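J.: Please find the sequence and the predicted model below.
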Amino acid sequence: MASRTKKPRARETGQSSNPQQEYPTTKFLSLAHEKAFPAMLSRSIISGRRVNLAPKYDALLVNKLAAMGWQNLVNLPQKVYPRLVSLFYLHFKHTNEEEEDYTVISYVKGKHIEFNIPTLAQILGVKQSENKIYFQTDAQMAQVVGDISKVYSTICIDKVTGSNLHAKHLKPHLRILHRFLLENVTPKAGHYDAVPTFNAYLLYCFEVEQSVDLSFIIMREMDLVSITRGKSLAFGALLTHILKHFKIKFLGEAESKVDSDISEYTLNRAGGGDVLLNSLNAPDAPMEDPEEHHQDAMPPPQPPAFWTDFMAMEQERYNQRLQWEQQMATQMAEFGNAQNSLIQLFGDFWMDNNHRHQELNTRIDHIEHRVDAIYQYYFPPPPPDSK
């Protein structure tokens, strides 16, 4: 009789090539996500910075943020969870970015994360605005404001274009706000000297007291991170707050601290607190660029060029060391989780093997008793002698 060949069973949707692994898991929605995770985990994270300034400097930053309804960004969480941040961006997607129901969707530790603009505003405790604007170029800004020169003349000392715009060109009282925006609203890795086009527009909005929707901006920045290969993962500390809202558990997760606060040291780097406050009191008066002086004025003491270069190298080394430590902490946590998983598997194997061994002994005993009973039946012992 001819033998029939058994057809291979078709793999069900959602299963990996490993028949023992089905998706979604508590970590990944699919095998593709699992394969892409190491690359995502290797990206650096921009944590954001808290604000720690004396009350006398509130007019430079805190009051401006409060007027815009953004004051809750001042006190970010102090911890960042790198693996969870990576998982959030790994599964990130969005819907309807140009409509009112613009929604972000992700997946972290077995839970679906989903929020729209009103929900994110409620989570962060910030105001909403009808002015939902986000762009990257001068041409796009011209479509919003018309004459872009009014934007640059409002925020700069003596510039009316955005060509090669740097922090030194800004009116002094806006420089600390510029730094805050680059840390917490439109995060950028690296130096903070260049002023991106959209940040120039945000500074203009602060100056003319025109509201903009912060939640919309954050969601668009998250989208930019997700689609830009190798881009640093933004909003590390802010995501701690968001994930906590969705009841994601942090127990056992490797953590890192947020970057150093925006403090008086930051003010000094931006030109000095008194200079910035004086600029605020007379914002329309032409002000001298700190790096440009009259020929008859005594130049301020400047550190030697070799010292400036040395400090820049030291800062770069520190940043690289910090990034390496964060990556190592994440990898050690992953190694610990893998080790614990192997220990658990071995324990399960031992218990299963012990259980089978006990069952085997029971069956052997049963067979021995059965053999003895059969033997006794067919070969009964002789009757005792009667005397």
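T.: Right, received. Where do you want to start?
J.: thinking Val144 is in contact with Asn131, fair?
T.: No - under the criterion of Cβ atoms under 8 Å, Val144 is not in contact with Asn131, lying 9.2 Å apart. All C-beta atoms are positioned from the backbone trio N, CA, C, and that covers glycine.
J.: in this structure, which spans are strands?
T.: 79-80, 93-95, 103-108, 111-116, 256-257 (DSSP state E).
J.: To what extent is Ala139 buried, counted in neighbours?
T.: Residues lying near Ala139 (other Cβ atoms under 10 Å) number 10.
J.: Quick one: low-confidence residue ranges for the protein.
T.: Low-confidence regions of the chain, defined by pLDDT under 70, span residues 1-20, 97-100, 272-273, 280-314, 316, 319, 385-387.
J.: Residue ranges of each domain in it, please.
T.: If you go by automatic domain parsing, the domain ranges for the chain are 31-288, 304-387.
J.: Mean neighbour count, these: which tops it?
T.: Each of the domains of the chain was given a mean neighbour count from mean count of other Cβ atoms under 10 Å, and the largest, a mean of 17, is that of domain 31-288.
J.: before we move on, the earlier item: how about the strands of the chain in TSV, adding distance to Pro196?
T.: Compiled in TSV, the strands of the chain are given as follows (distance: least, Cβ to Cβ, whole Å):
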stretch	distance to Pro196
strand 79-80	24
strand 93-95	21
strand 103-108	22
strand 111-116	25
strand 256-257	26
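J.: Quick one: closest of the ones you listed to Asp348.
T.: Closest of those to Asp348 is strand 111-116, at 25.9 Å (criterion: Cβ to Cβ).
J.: Return the angle between stretch directions for the closest one and strand 103-108.
T.: Strand 111-116 runs at 160 degrees relative to strand 103-108, counting by axes from the mean of the first three to the mean of the last three Cα atoms, to 10 degrees.
J.: Redo the domains of the chain as a markdown table? Include distance to Gln21.
T.: As requested, the domains of the chain are arranged in a markdown table below (distance: least, Cβ to Cβ, whole Å):
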| stretch | distance to Gln21 |
| --- | --- |
| domain 31-288 | 8 |
| domain 304-387 | 13 |
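J.: biggest helix in this structure by residues?
T.: The longest helix of the chain (DSSP state H) is helix 305-378.
J.: thinking Lys93 is in contact with Thr103, fair?
T.: No - no contact is recorded between Lys93 and Thr103 when judged using Cβ under 8 Å, the distance being 9.3 Å.
J.: now the helices: where do they sit in the stretch 151-300 of the chain?
T.: If you assign secondary structure with DSSP state H, counting those that start in this stretch, the helices in the stretch 151-300 of the chain sit at 172-184, 197-208, 214-227, 236-245, 264-269, 273-281.
J.: Out of those helices, the one nearest Leu345 is which?
T.: Of all the helices of the stretch 151-300 of the chain, helix 236-245 sits nearest to Leu345, with 28.6 Å by Cβ to Cβ.
J.: measure Leu342 to Gly336 for me?
T.: Remark: distance between Leu342 and Gly336 (Cβ to Cβ, to the nearest Å) = 11 Å.
J.: chain center to stretch 223-231, what's the gap?
T.: Mean-position distance between stretch 223-231 and its chain equals 12 Å (Cα atoms, centre = their mean, to the nearest Å).
J.: which residues are in contact with that stretch?
T.: In this structure, residues lying in contact with stretch 223-231 by Cβ atoms under 8 Å, 6 or more residues apart in numbering are Arg43, Tyr89, Phe92, Lys93, His94, Glu97, Val104, Ser232, Leu233, Ala234.
J.: and which of those residues is nearest Val51?
T.: Taking the contacts of stretch 223-231 together and measuring to Val51 by Cβ to Cβ, the closest member is Ala234, at 17.8 Å.
J.: Now do the same contact list for the residue nearest to Ser44 when sequence neighbours are not counted.
T.: Across the structure, with Cβ to Cβ, 6 or more residues apart in numbering as the measure, the residue nearest Ser44 apart from its sequence neighbours is Ser232 (4.7 Å). Counting by Cβ under 8 Å, 6+ apart, Ser232 touches Arg43, Ser44, Ile45, Ile46, Pro187, Ala189, Val225.
J.: What of Ala333?
T.: When contacts are taken as Cβ under 8 Å, 6+ apart, Ala333 is in contact with Arg83, Gly252, Glu253, Ala254.
J.: and those, which two are the farthest apart?
T.: The two members of those with the most space between them (Cβ to Cβ) are Arg83 and Gly252, at 10.1 Å.
J.: returning to what we had before: make JSON lines out of the contacts of Ser232 and add distance to Leu360.
T.: As requested, the contacts of Ser232 are arranged in JSON lines below (distance: Cβ to Cβ, whole Å):
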{"residue": "Arg43", "distance to Leu360": "52"}
{"residue": "Ser44", "distance to Leu360": "55"}
{"residue": "Ile45", "distance to Leu360": "53"}
{"residue": "Ile46", "distance to Leu360": "59"}
{"residue": "Pro187", "distance to Leu360": "62"}
{"residue": "Ala189", "distance to Leu360": "61"}
{"residue": "Val225", "distance to Leu360": "57"}
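J.: farthest pair in these?
T.: Taking Cβ to Cβ as the measure, the contacts of Ser232 reach their widest spread between Arg43 and Pro187, a distance of 12.5 Å.
J.: Out of the contacts of stretch 223-231, the closest to Ala139 would be?
T.: Comparing these against Ala139 with Cβ to Cβ places Glu97 closest, at 19.4 Å.
J.: Determine which of the helices of the stretch 151-300 of the chain approaches Ser163 most closely.
T.: With Cβ to Cβ, the closest approach to Ser163 among the helices of the stretch 151-300 of the chain belongs to helix 197-208: 10.7 Å.
J.: And the contacts of the closest one?
T.: Residues from elsewhere that reach helix 197-208 (Cβ under 8 Å, 6+ apart): 64, 68, 131, 133-138, 140-141, 144-145, 150-152, 154-155, 162, 165, 170, 174, 177-178, 181-182, 185-186, 195, 210-212, 283.
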